[in-house]
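Colleague: I'll drop the sequence and a predicted model, then ask my questions.
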Amino acid sequence: MSTGLAVAPPEPLSLPDGGPAAGAWSLATDMLHLNHGSFGAVPVAAQVEQDRLRERAERAPVVWFPDQPRRIAEARDVIAAFLRVPVGDLALVPNASAGVSTVLTSLTLRPGAEILVSDHGYGAVTMAAQRVAARCGGRVRTVHVPLSADADDAFAAVAEQVGAATGLILLDQITSSTGRLLPVGRIADLARERGIPFLVDGAHAPGMLAAPLDGLDCDFWTGNLHKFGCTPRGTSALVVRGPLREALHPLIDSWGAELPFPERFDHTGTQDTSAWLAAPAALSFVERTWGWDTARGYLSALADYGQHVVAQAITRHTGQDALPSVGTPAPALRLVRLPDTLGPDRFEGNALRDRAAHELGAETAFTAFDGVGYLRLSAHVYNTPADYEEFAERCVPALLAWGRTA
């Protein structure tokens, strides 16, 4: 397929034996996998390690589970080094939403306090904030940040809404629905000046950003290793700094409750923590095969190319510009605007996702912002330019036909 684009396709990554990178994953070869950002994808090497750990636990449970906290502490060492944070600041949790819930349920907000979020926030996290605010007689204040806002404008929009009633700021580092960066470093400095706790939802950051907490002086940060870090699902980090961390406890109490942070989080009873323990295998696989810096450069270049290929295909069929203006796009996530009749809200977007998977053999993400539907494309090392070219040629006409009959 000839694109005629100024954006050049990057050279696909390969394995040491010369085979395609996708050969290191167990993804179905008869599907297009363009939605790494939702659930990630685990390399076979990490799957094998997780299976080995589960088998070992089942051979001698009474030996395994008392020793599990030690193993978790060792995995934390590796994950902390990957994120470039002190290991004493990092606990492991099942996912970023659990990290957010841990902070929200441990903090004591003053009566009538407001929790400040943005309209790019992850829906489940915003709903959790609403429940907690209601308990203290407060409310959630939602900041509108235009999709096209650059870092300065996004910061100004948030800063304007910070006031005397603000008891907590809760913002995404990389937004899920819109695939953009928010200036959390500058907002953290503002929060620190005002004495307001700041919780950063960094769900998509590990793996996509080399050092997501560098220059970020926030109180709380949580991020999923199982998205762009490719670890087994259910592996996420909660980083906590300062005196507030001693108030944090796991969502489920255990015999480690009287231990300090983060050791109290290492005691998980009979929870299957094989995902945490196999996480180092996933992180080291990418590092020794390509190097994370090389991988990140490829992801960004491929996301650029994929966005332009798919957007151009939609424009060619509709005559409408499908390349949206996103102020600060995330390195490995890109939006393509859909025609007005397609996916204008979350429910219709989810229906499109399911239909595309079952009828087109394409794993994709459809999101919405301000009443406009978008295709959210992801890129990872197992993807190639041909994936996006095939989607543009084969799947875009079908999507547009669905819109015409909606």
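Modeller: That came through fine.
Colleague: any chance you could map the strands in this structure?
Modeller: 32-33, 90-93, 114-118, 139-143, 166-172, 198-201, 220-224, 236-240, 333-337, 362-363, 365-369, 372-378 (DSSP state E).
Colleague: how about those in JSON lines, adding mean pLDDT?
Modeller: As requested, those are arranged in JSON lines below (pLDDT from 0 to 100):
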{"stretch": "strand 32-33", "mean pLDDT": "98"}
{"stretch": "strand 90-93", "mean pLDDT": "98"}
{"stretch": "strand 114-118", "mean pLDDT": "98"}
{"stretch": "strand 139-143", "mean pLDDT": "98"}
{"stretch": "strand 166-172", "mean pLDDT": "98"}
{"stretch": "strand 198-201", "mean pLDDT": "98"}
{"stretch": "strand 220-224", "mean pLDDT": "98"}
{"stretch": "strand 236-240", "mean pLDDT": "98"}
{"stretch": "strand 333-337", "mean pLDDT": "98"}
{"stretch": "strand 362-363", "mean pLDDT": "98"}
{"stretch": "strand 365-369", "mean pLDDT": "97"}
{"stretch": "strand 372-378", "mean pLDDT": "98"}
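Colleague: Which of the ones you listed sits closest to residue 397?
Modeller: Ranking those by distance to residue 397, with CB to CB as the measure, places strand 362-363 first at 12.6 Å. Where you see a C-beta, it was placed from the backbone N, CA and C, and this is true even at glycine.
Colleague: ok, the closest residue to residue 248 other than its chain neighbours - contacts?
Modeller: Nearest residue to residue 248 in three dimensions, chain neighbours excluded: residue 106, at 4.6 Å (CB to CB, 6 or more residues apart in numbering). By CB atoms under 8 Å, 6 or more residues apart in numbering, the contact set of residue 106 is 247, 248, 249.
Colleague: Residue 355 now?
Modeller: Residues in contact with residue 355, defined by CB under 8 Å, 6+ apart, are residue 402.
Colleague: Could you shift the numbering so residue one becomes 27, and keep it that way?
Modeller: In the new count, where the first residue is 27, that last one comes out as residue 381.
Colleague: doesn't residue 335 make contact with residue 415?
Modeller: Yes. Using CB atoms under 8 Å, residue 415 is in contact with residue 335, at 5.7 Å.
Colleague: picking up where we left off before, most surrounded residue in the contacts of residue 132?
Modeller: Neighbour counts for the contacts of residue 132 peak at residue 274, which has 20 neighbours (criterion: other CB atoms under 10 Å).
Colleague: Please tell me how far the residue nearest to residue 274 sits from residue 221.
Modeller: 18 Å (CB to CB, to the nearest Å).
Colleague: could you show me where the helices are in the protein, in order?
Modeller: With DSSP state H as the criterion, the chain has helices at 62-65, 70-85, 87-109, 122-132, 149-161, 177-187, 210-220, 300-315, 318-344, 372-381, 411-416, 422-430.
Colleague: Run through the neighbouring helices and strands of the shortest one.
Modeller: In other words, helix 62-65. Here helix 62-65 touches strand 398-404, going by 3 or more CB pairs under 8 Å, 6 or more residues apart in numbering; DSSP states H and E.
Colleague: Equivalent analysis for the third one, please.
Modeller: In terms of contact count using 3+ CB pairs under 8 Å, 6+ apart, helix 87-109 is assigned the packing partners helix 70-85, strand 116-119, strand 262-266, helix 300-315.
Colleague: in that helix, what's buried?
Modeller: For helix 87-109, a neighbour-count test (16 or more other CB atoms under 10 Å) marks 90, 94, 95, 97, 98, 101, 102, 104, 105, 106, 108, 109 as buried.
Colleague: rewinding a little: okay if I get the helices and strands packed on helix 87-109 as JSON lines plus mean neighbour count and distance to residue 344?
Modeller: Formatted as JSON lines, the helices and strands packed on helix 87-109 follow (neighbours: other CB atoms under 10 Å; distance: least, CB to CB, whole Å):
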{"stretch": "helix 70-85", "mean neighbour count": "16", "distance to residue 344": "40"}
{"stretch": "strand 116-119", "mean neighbour count": "24", "distance to residue 344": "43"}
{"stretch": "strand 262-266", "mean neighbour count": "27", "distance to residue 344": "39"}
{"stretch": "helix 300-315", "mean neighbour count": "22", "distance to residue 344": "38"}
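Colleague: could I get the buried residues of helix 87-109 as TSV with distance to residue 296?
Modeller: TSV is the format used below for these (distance: CB to CB, whole Å):
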residue	distance to residue 296
90	10
94	9
95	13
97	14
98	14
101	18
102	20
104	23
105	22
106	25
108	27
109	27
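Colleague: Would you tell me which one of those residues comes nearest to residue 290?
Modeller: Nearest to residue 290 among the buried residues of helix 87-109, with distances taken as CB to CB, is residue 95, at 9.8 Å.
Colleague: ok, so of the contacts of residue 132, who is nearest residue 204?
Modeller: residue 274 (29.2 Å).
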